[in-house]
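K.L.:
Here is my input; please provide its structure:
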Amino acid sequence: MTDVKNANQGASDQDLQDLIAENDTGARQPSGMTAKVLLYVAVAWSLFQLWLASPLPYLVSFGVFNSTEARSIHLAFAVFLAFLAYPAFKTSPRSYIPILDWVLAAAAAFCAAYIYIFYRDLAGRPGLPITQDLVVAGAGLVLLLEATRRALGPPLMCVAVLFLVYVFFGNAAWVPEVLQWAGASFSKAMSHQWITTEGVFGIALGVSTSFVFLFVLFGSLLDKAGAGNYFIKVAFAALGHMRGGPAKAAVLSSAMTGLISGSSIANVVTTGTFTIPLMKRVGFSGEKAGAVEVASSVNGQIMPPVMGAAAFLMVEYVGIPYPEVIKHAFLPATISYIALIYIVHLEALKANMKGLPKRVTSTLSQTLIRSLMFVLSLIVLAGLVYYAIVFQKQLFGAAVGWVVAIECAVIYLAGLYYAAKYPDLEMDDPNQPVVELPQLGETAKAGLHYLLPVVVLVWFLMIELKSPGLSAFWATVLMIFIMLTQHAAKAFFRKTADYAAGFKQGFADVIDGFATGARNMIGIGVATAAAGIIVGTVSLTGIGQVMVEFVELISGGNLMLILIFTAVISLILGMGLPTTANYIVVSSLMAPVIVELGAENGLIVPLIAVHLFVFYFGIMADVTPPVGLASFAAAAVSGSDPMKTGVVAFFYSMRTAVLPFLFLFNTQLLMIGLDHPVDVVMVIIVSTIAMLVFAAATQGYFFARSKLWESAALLLIAFTLFRPGFWLDLIEPPYDNLPAASIIEDAEGMPENSSILLDVEGINIEGEEVSKSVMLPLGPAGSGEDRLYNAGIAVRNEDGRIFIDDLVFAGPAEKAGLDFDFEITAVKVEADRMPKEVFFIPAFLLLGGIIVLQRRRKRSEEALGTA
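P.N.:
Presented below is the predicted three-dimensional model:
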């Protein structure tokens, strides 16, 4: 094993750090006073964001910024650091900052801060920009595009430029007729894109300012404190001894790192430098080792609570609370990770791989019992904590916060007391001749205190239902306290005299975490601003409707083709874009396509399902050649071919690509429409089994190597378990059509806060015939007329035919594309049918038959091999 490093040498550690720097923190590392300026500005940005998120400004009545002012300052920091931290070209100096970059940084920061500096003047002339405003706006857009190119590469800049060209030249002869629009003047475009909050300073930058920065800072501090290495160690201690154990540990550690990471590339390099060489050691090829790391790292972008910062954007774009986003996104992400671990297991079985040596061995039954006890202990502990805090709220009232803070301090010290009994966790060298797995118990206890801020974050988000920004603020404050005190406290418990050195190291770690967190945010801040150009173009030109017409044209109105083309376009749009910009672009352009065309074809689903659909395919661009940035990063670590790595990674990620199609047609996978805990448990179990079966089908291996018909049967089983309603719809129609004349009585009789499904047809304002189904919310109980008005319509009856007589401006009906004098032809209600779960029975019977056949074949093969 000693020549593993030489035989399969990938990129050097310095190369990998440069790769992260180029994509996340900036490749320029100057020295002397310039380095201090970079450090101080980055730390100042972090302190500003902490101040913005804290309750202090309101307590002292100082430093209170409204959302527009905060966005302006946020972007000023981002572009200033972008020009200083990112060189203009590969040949540009890394060790110092040229004068030109200082000038550009100052100019860009001024243009971004212009709205804050002249806020009152701009508020006094809304929609009437003066020459000074237009000059600053034009210069600001150009500088923002250059900052985007430096920090993120050409893709997002080129897309933004393309949309700006469309704004000005939308009526040019060379623009296809289907895409043409009237075009805008320079004054109108600059005002819309820079002076108002419709473009650059819109919702996306607002989310970056309010929520994303705090979560990125929290993740950076958690990593600087040692939690990143702790997650990797725990994953290897738990799974490293299994077949293909390093690969399974890579998946688990990437999942845990992905909880706090906003970058799939950083995730690949952070965990991959340790996991990829170990995967190669136990038998994985360089391409497969890199592909496993890519698939697991990119999956971190769909894993709550951060989801590469897209979770916070979804709150604004979908209009649902943050806990709801987490609830809907959790199951698909979890079963996708479980399936990836299973894929790794199947690869290990096919190659007869072994795990890494373990200090203490245990039987399968002992392992299962310990795992079960651990899970039950967590459930019991969570219940005790919940009811203890509820009791304390009643007992202490408003003072409960101080009481809980003291309790957290006690728990933290107890965790440190445990941790001090064991050596500090050091990153192992995966290229050493012998790798001995650490004991799980010792490893887990050595970093229990790292979990406390995560628990606090989840508690505030999911139980207290605080805003994401405030939740991240308190978790970050606790993280800072831990970093400042952990080394000194360990020295005290270990009875050494290094208290002052411990505090000094802790302070240095905090400053380093502040600087790294801010530099990690440069790309995200610039990306959300640049993506705002695209959002502004959509709202200014109406190109979103054009995309609807374009997809409808190329799909011929076929629902599956609509979804496939939408997925492919989302994949193309996402190439080379960071997660945040990726989601902003695909949700702005492609989500309306599914909403409108899907409704016309009978697919009416909650908006969160549509946004998750386009988001999943957008992030697949990080895997897919020819761009596949995460695949290139993994190939740099493994020393393998990036294109082959990307192809294998895409093959491993097929489960992630299939999931969006499934949860569009079966929204129970998003925990929607589940009224009873038994339903929740059933959906979790069945969907997990279905995903494992799908993985086995695509790998051509279950209990033994599968025959072609067995793989086809497994695909059929997986489809049936995921979407049993498909077969039921073939037998019994899902809806009964009621006469439209009874719409008022039907609306009055429906449950509170339910929706009504209508078939409508008519001629729209463009003279086109429209025929589609729409779902409209009825709101609270009341008369039929009132509830229909809540849905945005008033109706009239003409000889038994029902027409829309009035539309509420910007109401649900108008947003759904309804117009005056559309005829309502039917009211649809769910039909009384047999339960769709009936189809689980033949699916499980067929699955059992395949298991019996394969196990019998496996025993025969083993017997022949022994003979």
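K.L.:
Contacts only, for the residue positioned nearest the centre of the chain.
P.N.:
Nearest residue to the geometric centre of the chain (C-alpha atoms, centre = their mean): residue 307, 2.3 Å. Contact analysis of residue 307 by C-beta atoms under 8 Å, 6 or more residues apart in numbering lists 301, 314, 329, 579. Every C-beta, even on glycine, is put in place using the N, C-alpha and C of the backbone.
K.L.:
Neighbour-wise, give me the winner out of these.
P.N.:
residue 301 (30 neighbours; other C-beta atoms under 10 Å).
K.L.:
Assess the claim that it and residue 621 are in contact.
P.N.:
No. Using C-beta atoms under 8 Å, residue 301 is not in contact with residue 621; the gap is 10.9 Å.
K.L.:
which residues touch the closest residue to residue 452 other than its chain neighbours?
P.N.:
Among residues not flanking residue 452 along the chain, residue 412 sits closest, at 5.6 Å (C-beta to C-beta, 6 or more residues apart in numbering). When contacts are counted by C-beta under 8 Å, 6+ apart, residue 412 touches 449, 452, 482.
K.L.:
could you measure residue 412 against residue 41, distance?
P.N.:
32 Å (C-beta to C-beta, to the nearest Å).
K.L.:
Residue 387 too?
P.N.:
46 Å.
K.L.:
How far away from the center of its chain is the helix or strand that contains residue 383?
P.N.:
Per DSSP states H and E, residue 383 falls inside helix 364-396. With C-alpha atoms, centre = their mean, to the nearest Å as the basis, helix 364-396 stands 28 Å off its chain's centre.
K.L.:
Same question for stretch 218-234.
P.N.:
For stretch 218-234, the distance to the chain centre is 19 Å (C-alpha atoms, centre = their mean).
K.L.:
neighbours around residue 377, how many?
P.N.:
10.
K.L.:
start at 36 instead
P.N.:
Renumbered: residue one is now 36, and that last one reads residue 412.
K.L.:
could you give the mean pLDDT of the strand or helix carrying the residue nearest to residue 487?
P.N.:
Using DSSP H and E, residue 447 falls within helix 435-455. Mean pLDDT, helix 435-455: 86.
K.L.:
between it and helix 399-431, how big is the angle?
P.N.:
150 degrees (axes from the mean of the first three to the mean of the last three C-alpha atoms, to 10 degrees).
K.L.:
what's the distance between helix 435-455 and the middle of its chain?
P.N.:
31 Å.
K.L.:
where in the stretch 486-635 of the chain is pLDDT low?
P.N.:
Applying pLDDT under 70 to the stretch 486-635 of the chain flags residues 532, 611, 635.
K.L.:
Which stretches in it count as helices?
P.N.:
Here the stretch 486-635 of the chain has its helices, by DSSP state H, counting those that start in this stretch, at 486-493, 503-528, 534-576, 578-590, 594-608, 614-624, 626-635.
K.L.:
Mind exporting the C-alpha coordinates of stretch 220-227 to PDB?
P.N.:
Coordinates of each C-alpha in stretch 220-227 appear next as PDB, following Å, rounded to 0.1, in the frame of the first residue of the first chain:
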ATOM      1  CA  SER A 220     -35.000  52.700 -23.300                       C
ATOM      2  CA  PHE A 221     -31.700  53.100 -21.400                       C
ATOM      3  CA  SER A 222     -33.400  55.100 -18.700                       C
ATOM      4  CA  LYS A 223     -36.200  52.600 -18.200                       C
ATOM      5  CA  ALA A 224     -33.800  49.600 -18.100                       C
ATOM      6  CA  MET A 225     -31.300  51.200 -15.700                       C
ATOM      7  CA  SER A 226     -34.100  52.400 -13.400                       C
ATOM      8  CA  HIS A 227     -35.700  49.000 -13.400                       C
END
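K.L.:
May I see the buried residues of it?
P.N.:
Residues 222, 224-227 are the ones in stretch 220-227 that count as buried (16 or more other C-beta atoms under 10 Å).
K.L.:
Let me have these in CSV, extended by pLDDT and distance to residue 533.
P.N.:
As requested, these are exported to CSV (pLDDT from 0 to 100; distance: C-beta to C-beta, whole Å):
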residue, pLDDT, distance to residue 533
222, 90, 64
224, 90, 61
225, 91, 58
226, 90, 60
227, 91, 59
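K.L.:
export the residues you listed to CSV and tack on secondary structure and distance to residue 80?
P.N.:
Below are those laid out as CSV (DSSP: H, G, I helix; E, B strand; the rest coil; distance: C-beta to C-beta, whole Å):
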residue, secondary structure, distance to residue 80
222, helix, 32
224, helix, 29
225, helix, 27
226, helix, 28
227, helix, 28
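K.L.:
Between which two of the residues you listed is the distance greatest?
P.N.:
With distances taken as C-beta to C-beta, the most widely separated pair in these is 222 and 227, at 9.5 Å.
K.L.:
rewinding a little: and the angle from the helix holding residue 418 to helix 486-493?
P.N.:
If you take the same axes, to 10 degrees, helix 399-431 sits at 60 degrees to helix 486-493.
K.L.:
Against which helices or strands is helix 399-431 packed?
P.N.:
Using 3 or more C-beta pairs under 8 Å, 6 or more residues apart in numbering; DSSP states H and E, the elements in contact with helix 399-431 are helix 435-455.
K.L.:
more neighbours, residue 422 and residue 76?
P.N.:
The neighbour comparison of residue 422 against residue 76 (other C-beta under 10 Å) goes to residue 76, with 19 against 10.
K.L.:
doesn't residue 112 make contact with that one?
P.N.:
Yes. A contact is recorded between residue 76 and residue 112 when judged using C-beta under 8 Å, the distance being 7.1 Å.
K.L.:
Spit out the residues that contact those two alike.
P.N.:
Taking C-beta under 8 Å, 6+ apart as the contact rule, residue 76 and residue 112 both touch residue 553.
K.L.:
Quick check: which of the helices of the stretch 486-635 of the chain has the most neighbours on average?
P.N.:
Mean neighbour count, computed with mean count of other C-beta atoms under 10 Å, is highest for helix 614-624 among the helices of the stretch 486-635 of the chain, reaching a mean of 28.
K.L.:
So what's the gap between that helix and the chain middle?
P.N.:
11 Å.
K.L.:
CA atoms only for that helix, dumped as PDB, please.
P.N.:
In PDB, the C-alpha atoms belonging to helix 614-624 read as follows (Å, rounded to 0.1, in the frame of the first residue of the first chain):
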ATOM      1  CA  THR A 614     -26.400  26.900  -6.400                       C
ATOM      2  CA  THR A 615     -28.100  30.200  -5.500                       C
ATOM      3  CA  ALA A 616     -27.900  31.800  -9.000                       C
ATOM      4  CA  ASN A 617     -28.800  28.400 -10.400                       C
ATOM      5  CA  TYR A 618     -32.100  28.300  -8.500                       C
ATOM      6  CA  ILE A 619     -32.900  31.900  -9.200                       C
ATOM      7  CA  VAL A 620     -32.500  31.500 -12.900                       C
ATOM      8  CA  VAL A 621     -34.400  28.200 -13.300                       C
ATOM      9  CA  SER A 622     -37.200  29.200 -11.000                       C
ATOM     10  CA  SER A 623     -37.700  32.500 -12.700                       C
ATOM     11  CA  LEU A 624     -37.700  31.000 -16.200                       C
END
